[in-house]
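no FASTA, just this:
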């Protein structure tokens, strides 16, 4: 996937990647240069973890505000990478 650097030095993270990572406006990313000279962006999502609610057999996973809608395809894609 190719992206273009704007005249202001900005890039746009493609929507497919934002959706897969649960990135929403205001999310922070760390930016580093690795040993090979590549730019590495790493989402800082510590405060955006899902929360388990309930007890016993009646539990649910509650996603943080701004998380993408969990369509069956998105769930399948995420699980295929685990």
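That came in fine, so what should we check first? Computed from a prediction, not measured in an experiment: that's the story for all the values here. Numbering: from 1, shown residues only.

can you count the residues close to the nearest residue to residue 14 once chain neighbours are set aside?
The shortest distance from residue 14 to any non-neighbouring residue, by Cβ to Cβ, 6 or more residues apart in numbering, is to residue 1 (6.0 Å). Yep, even glycine has a C-beta here, placed from its N, CA and C like the rest. Residues near residue 1, counting by other Cβ atoms under 10 Å, number 5.

Residue 22 too?
Quick note: residue 22 (other Cβ under 10 Å) scores 19 neighbours.

One more: residue 23?
Close neighbours of residue 23, defined as other Cβ under 10 Å, add up to 21.

wait, isn't it in contact with residue 15?
No. Contact criterion Cβ atoms under 8 Å: residue 23 and residue 15 do not qualify, at 9.7 Å.

Residue 76 - that's part of a helix, no?
Yes. Counting by DSSP: H, G, I helix; E, B strand; the rest coil, residue 76 is part of a helix.

Assign a three-state SS to residue 26, would you?
coil.

what phi and what psi does the backbone show at it?
The phi/psi pair for residue 26 (degrees, to the nearest 10) reads phi 100, psi -10.

Residue 19 now?
phi -70, psi -40.

Quick check: pLDDT value at it.
For residue 19, the pLDDT comes out at 83.

ok, so what distance separates it from residue 69?
9 Å (Cβ to Cβ, to the nearest Å).

These two: who's more crowded?
residue 19 (16 against 7).

and residue 53, what helix or strand is that in?
According to DSSP states H and E, residue 53 maps onto strand 51-55.

quick one: contacts of that strand?
59, 60, 61, 62, 64 (Cβ atoms under 8 Å, 6 or more residues apart in numbering).
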